[in-house]
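> give the three-dimensional model of this entry:
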Amino acid sequence: MEINDLTPAEEQVWRAFPLGESVDFRTADDEDVALGDDWGPERSVRAEVLRALLLNGPQEPGEIASLNLAGARITGRLDLQYATIDHPVRLRYCHFDDVPRFYACRLRELNFGDSALPGLTAHAMRVDGVLRLTRSRFRGVVRLAGAKVAGSLYMESAEIIAPDAEEPVLQLNQAAVGDDLRATGLRTHGQIRLSGASVAGSVNFNTAHLSNPGGSAIDAEVLVVEGNFLLRMARAEGWIGLRGARIAGRLDLSYSSLSNPGSSALLAGSSTMGELWLREGPPVEGGLVLHSAQIDVLWLEPGMLPDHVSLTSLGYNSLIPHEPAERRLTMLEHDGEDYVPHAYEQLAAAYRRVGDDQAARLVQLAKQRRLRATRPWYGRIWGYVQDATVGYGFRPLRACAWLLSLLAIGSLAYGLHHPHALKASEAPHFNPVFYTLDLLLPVISFGQEEAFAPDGWYQYLAYGLIITGWILATTVVTGVTRTVSRQ
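The predicted structure follows:
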């Protein structure tokens, strides 16, 4: 392309390129680039001119050539697929008439900050530095699947709206980011696809608004993040999928609103995380699926729990904040499964690790009561007896209360009406207290029961004391055995 074929605006860009100088066509700092269709030829640059510059532009000895353009209207399609660009490309505050095409392109740096674009096609693109889409506004799909960015990917306050798209509006599946993915304040209307992506730093979606009601707001299956995944003070309409993801740091959903009524809001089954924070936010609207996940620290406030949770085979080492067992048990009662013993064991173990044995016993008691509901009728009857008498062995003091009450009743009854001696000449002196103990305790004998025999309704009282004693003894032994086996 000859310089004689250029418009005055294009000639200005052409002459600035070999010197690495900036060209800024903006007339005001606050002008709206979305209205760039109205910009005239005095600030319009053809995409073919930019392509010619980047591929075969003039060079100036001793200078570093670069494309630094702001406030321009880019007409036509900027097509650089399969190209290798050795110069930084900075097209800020620009308005693009057509979707730029960077498929399998290799660049040093690419900056579309504060620009308005109808979309971006950059599958398998490779950027040796950083990729900046800060405050960019896209009216179509952003395709970055399989892209490799050696530095950070910046998308702060960017907006992607593609109402007619039948595919994810932001495609980062199988992408690799060598540093951070920074997208604070991002606004999307459609699905973000991060499945199979890897981020060597952290992912930051703080204060983002991700909207795809009834569908996926973020689909990030088997995502790998070496740092943190931050989604604080954000709003997600649609489900967040992290099945099989590996997050070395924390998944932070503090102060955020997760909404997907009628289905699951967070799907993190089989994932591995250092920490998961669900705190200081409204209740999750939709299900919480954490089955088979492995989490070191689970920060879960009961107030954020949804109506349905799935905790089958969930493993965690620490559960914070420390809450009474009664509040934590609601988490297990909302599980959709009929009975998940592992969830109760995990919660009890968490309490034991912090030394709260009383809370651990309450969880174990709740586990037995949940199990009782799955038993046949005769098993449930026996369960109610165990619960009422000694709380399945987790409330041993209750057995003492029962024994003392029965001992008082028996002692009073037989103290007022002595049973007759079987052999008066050989019978010891009758003692109503020790006689009642002989009836209640199935192993210990004080010689009273064999020497005296009650009659009438006192005989039925004796039968009742014997049966009750066996029940109390059996349940106490069962509870002690369970406690010893756990230790």
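> residue 61: how many residues sit nearby?
Other residues near residue 61 come to 5 when the count uses other C-beta atoms under 10 Å. Placement of C-beta: from N, CA and C, glycine included.
> pLDDT score assigned to it?
On pLDDT, residue 61 comes in at 88.
> how close does it sit to residue 86?
16 Å (C-beta to C-beta, to the nearest Å).
> next, the residue lying farthest from the centre of the chain: secondary structure please.
In the chain, counting by C-alpha atoms, centre = their mean, residue 425 sits farthest out from the average C-alpha position, at 79.0 Å. Classification of residue 425 by DSSP: H, G, I helix; E, B strand; the rest coil places it in coil.
> is it true that residue 249 touches residue 203?
No: contact criterion C-beta atoms under 8 Å: residue 249 and residue 203 do not qualify, at 9.7 Å.
> list the residues that contact both of these two?
Both residue 249 and residue 203 are in contact with 225, 227-229, where contact means C-beta atoms under 8 Å, 6 or more residues apart in numbering.
> out of the residues you listed, who's the most crowded?
In those, the most neighbours by other C-beta under 10 Å go to residue 225, 28 neighbours.
> okay, and the beta partners of that one?
Judged by DSSP bridges, the bridge partners of residue 225 are residue 199, residue 247.
> also residue 193?
Residue 193 has these beta-bridge partners by DSSP bridges: residue 171, residue 219.
> burial measure for it, as a count.
Neighbours around residue 193, by other C-beta under 10 Å: 24.
> check residue 208 too.
When counting by other C-beta under 10 Å, one arrives at 27 neighbours for residue 208.
> start at 32, not 1
Happy to do that; since the first residue is 32 now, the last one works out to residue 239.
> pLDDT score for it?
pLDDT for residue 239: 97.
> that one reaches residue 268, doesn't it?
No: applying C-beta under 8 Å as the test, residue 239 and residue 268 come out as separate, 11.3 Å apart.
> ranges for the helices of the stretch 382-518 of the chain?
Secondary structure of the stretch 382-518 of the chain by DSSP state H, counting those that start in this stretch: the helices cover 388-403, 408-421, 427-447, 463-471, 488-517.
> please identify the deepest-packed of the ones you listed.
Stretch with highest mean neighbour count among the helices of the stretch 382-518 of the chain: helix 463-471 (a mean of 22; mean count of other C-beta atoms under 10 Å).
> low-scoring stretches of the stretch 82-231 of the chain, by residue?
Judged by pLDDT under 70, the stretch 82-231 of the chain has no weakly predicted residues.
> go with 90
For the stretch 82-231 of the chain, applying pLDDT under 90 flags the ranges 88, 90-94, 193-197.
> for residue 299, what are its contacts?
Per C-beta under 8 Å, 6+ apart, neighbours of residue 299: 273-274, 276, 282, 307, 320-321, 324.
> most neighbours among these, which one is it?
Counting neighbours by other C-beta under 10 Å, the top entry in these is residue 273, with 29 neighbours.
> quick one on the thing from earlier: residue 280 and residue 234: which is more packed in?
Set side by side, residue 280 and residue 234 show more neighbours around residue 234, with 25 against 17, by other C-beta under 10 Å.
> wait, isn't that one in contact with residue 260?
Yes: with contact defined as C-beta under 8 Å, residue 234 counts as touching residue 260 (4.7 Å).
> so for stretch 335-347, mean pLDDT?
Averaging pLDDT residue by residue across stretch 335-347 gives 85.
> what's the answer for stretch 399-417, then?
Average pLDDT, stretch 399-417: 76.
> what is the end-to-end distance of that stretch?
End-to-end distance for stretch 399-417: 10 Å, by C-alpha to C-alpha, to the nearest Å.
> how far off centre is that stretch?
Stretch 399-417 sits 34 Å away from the centroid of its parent chain (C-alpha atoms, centre = their mean, to the nearest Å).
> same question, stretch 233-250
13 Å.
> send me it as PDB with only the CA atoms.
Once non-C-alpha atoms are left out, stretch 233-250 reads as follows in PDB (Å, rounded to 0.1, in the frame of the first residue of the first chain):
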ATOM      1  CA  SER A 233      -6.100 -15.700  40.300                       C
ATOM      2  CA  VAL A 234      -9.500 -15.200  38.800                       C
ATOM      3  CA  ASN A 235     -11.200 -12.100  39.900                       C
ATOM      4  CA  PHE A 236     -14.900 -11.500  39.100                       C
ATOM      5  CA  ASN A 237     -15.600  -9.300  42.100                       C
ATOM      6  CA  THR A 238     -18.600  -6.900  41.700                       C
ATOM      7  CA  ALA A 239     -19.500  -8.700  38.400                       C
ATOM      8  CA  HIS A 240     -23.000  -9.000  37.100                       C
ATOM      9  CA  LEU A 241     -23.400 -12.300  35.200                       C
ATOM     10  CA  SER A 242     -26.800 -12.900  33.700                       C
ATOM     11  CA  ASN A 243     -28.100 -16.000  32.000                       C
ATOM     12  CA  PRO A 244     -31.400 -16.900  33.800                       C
ATOM     13  CA  GLY A 245     -32.300 -20.600  33.600                       C
ATOM     14  CA  GLY A 246     -28.900 -21.300  32.000                       C
ATOM     15  CA  SER A 247     -25.200 -21.200  32.900                       C
ATOM     16  CA  ALA A 248     -23.700 -18.000  34.100                       C
ATOM     17  CA  ILE A 249     -20.300 -19.600  34.400                       C
ATOM     18  CA  ASP A 250     -19.500 -23.100  33.000                       C
END
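> who's in contact with that stretch?
Applying C-beta under 8 Å, 6+ apart, the set of residues contacting stretch 233-250 from outside is 199, 211-226, 256, 258-273, 280, 290-291, 294.
> cool, and stretch 470-484?
434, 437-438, 441, 449-454, 457-459, 461-462, 465-466, 468-469, 490, 493, 496-497, 499-501, 503-504.
> for residue 247, give me the pLDDT.
At residue 247, the pLDDT recorded in the model is 94.
> count of residues packed around it?
Residues lying near residue 247 (other C-beta under 10 Å) number 21.
> spatially nearest residue to it, not counting backbone neighbours?
residue 222 (4.7 Å; C-beta to C-beta, 6 or more residues apart in numbering).
> I'd say the one you found and residue 197 touch.
No: the criterion here is C-beta under 8 Å, and residue 222 misses it with residue 197 at 10.4 Å.
> which one of the two has more residues nearby?
Taking other C-beta under 10 Å, residue 222 and residue 197 do not tie; residue 222 has more neighbours (22 against 7).
> what sits against that one?
By C-beta under 8 Å, 6+ apart, residue 222 lies in contact with 199-201, 243, 246-250, 269.
> those in helices, which ones?
Using DSSP state H, the subset of the contacts of residue 222 located in helices is empty.
> show me the shared contacts of residue 280 and residue 234 that map onto strands.
In strands, judged by DSSP state E, the following of the shared contacts of residue 280 and residue 234 are found: 256, 260.
> including distance to residue 184, could the shared contacts of residue 280 and residue 234 go into JSON lines?
Listed next are those as JSON lines, based on distance: C-beta to C-beta, whole Å:
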{"residue": "256", "distance to residue 184": "13"}
{"residue": "258", "distance to residue 184": "13"}
{"residue": "259", "distance to residue 184": "16"}
{"residue": "260", "distance to residue 184": "14"}
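> before we move on, back to that, Throw the contacts of residue 299 into a markdown table and include secondary structure and pLDDT, thanks.
Below are the contacts of residue 299 laid out as a markdown table (DSSP: H, G, I helix; E, B strand; the rest coil; pLDDT from 0 to 100):
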| residue | secondary structure | pLDDT |
| --- | --- | --- |
| 273 | coil | 95 |
| 274 | coil | 95 |
| 276 | coil | 96 |
| 282 | strand | 96 |
| 307 | strand | 94 |
| 320 | strand | 91 |
| 321 | coil | 90 |
| 324 | coil | 92 |
